[in-house]
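Asker: Fold the following and give me the result.
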Amino acid sequence: SDCAVNRGVMGAYKYLQALWKKKQSDVMRFVLRIRAWEYRQLPAVHRTSRPSRPDKARRLGYKAKQGICIYRARVVRGGRKKKAAKGIVFGKPVHCGINKQKQKRNIRSIAEERVGRKCGSLRVLNSYWVAADGIYKWYEVICVDPFHQAIRNDPRLNWICNPVHKHRELRGLTSAGKKYRGLRHKSARRTSQLRPSQRASWKRRN
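Answerer: From the prediction side, this is the model:
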């Protein structure tokens with residue numbers, strides 16, 4: 001708790017959390033550089049035996065129990081490139097841009113989507129940042145097996161076994177999804193303009 005931190009008494013995860021808050025320290029710069037090199041040698045989406053950030057994973061719902069696993073996903077940084085066959089574009093010049101297309105979704109939600117598509121039988125619980133270099137960003141995604149008895153018998157986690165939670169990551173229902181949809185901070189004024197989506201709301205009002 002905050003009182004324990006003020007007294008100088010911290011648990012192991014509090015020390016890990018303090019380390020990750022100082023990413024520019026010599027130790028963390030070295031660790032992140034080595035990890036980024038290791039991740040570059042691995043496939044774009046792969047399973048890991050344990051979380052790289054156990055303190056962060058546990059804050060987001062991870063438990064070291066059967067039925068819960070961690071996948072690491074790699075996503076290219078920066079803007080996107082529009083597909084145009086043979087470089088042919090149509091319409092007004094203002095809409096003919098190819099490069100530097102700004103996406104509305106955040107990169108973390110894209111990482112969740114790629115893991116969700118690769119592991120169709122699992123449910124995406126949450127995700128967090130682990131590493132980055134000049135080209136890629138890596139995220140670890142917490143996945144849950146909805147048919148494992150250890151999950152179905154857990155009263156704190158069996159809500160995700162409900163069929164309505166299939167592919168939460170594809171429908172913007174995870175934490176990263178709600179962020180890019182503008183639902184992180186709710187307000188009475190904007191609620192009607194954000195649901196079910198900003199585009200659907202605009203079409204309804206115009």
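Asker: Please make it C-alpha for all contacts and neighbour counts, starting now.
Answerer: OK.
Asker: Report the mean confidence score over the longest helix along the chain.
Answerer: When the chain is parsed with DSSP state H, its longest helix is helix 26-40. Helix 26-40 shows a mean pLDDT of 97.
Asker: How far does it sit from its chain's centre?
Answerer: 20 Å (Cα atoms, centre = their mean, to the nearest Å).
Asker: Just the buried positions in the helix or strand just after that helix, please.
Answerer: Note on helix 26-40: by DSSP states H and E, the next helix or strand toward the C-terminus is strand 45-48. Buried residues in strand 45-48, counted by 16 or more other Cα atoms under 10 Å: Val45.
Asker: Can you tell me what sits against strand 45-48?
Answerer: Residues from elsewhere that reach strand 45-48 (Cα atoms under 8 Å, 6 or more residues apart in numbering): 69-74, 114-115.
Asker: change it to 6 Å
Answerer: For strand 45-48, contacts defined as Cα atoms under 6 Å, 6 or more residues apart in numbering pick out 70-73.
Asker: now stretch 58-71
Answerer: Outside stretch 58-71, the residues that touch it by Cα under 6 Å, 6+ apart are 46-48, 140-145, 148.
Asker: Give me the distance between it and the centre of its chain.
Answerer: With Cα atoms, centre = their mean, you get 14 Å for stretch 58-71.
Asker: average pLDDT for that stretch?
Answerer: Stretch 58-71 carries an average pLDDT of 97.
Asker: how far does it stretch from start to finish?
Answerer: Stretch 58-71 has an end-to-end distance of 15 Å (Cα to Cα, to the nearest Å).
Asker: May I see the buried residues of that stretch?
Answerer: 62, 67-71.
Asker: so where's this protein uncertain?
Answerer: 1-8, 188-189 (pLDDT under 70).
Asker: mind listing the strands for it?
Answerer: 45-48, 68-76, 123-132, 136-144 (DSSP state E).
Asker: Now render those as a markdown table, adding distance to Lys179.
Answerer: Output for the strands of the chain, formatted as a markdown table (distance: least, Cα to Cα, whole Å):
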| stretch | distance to Lys179 |
| --- | --- |
| strand 45-48 | 23 |
| strand 68-76 | 18 |
| strand 123-132 | 13 |
| strand 136-144 | 16 |
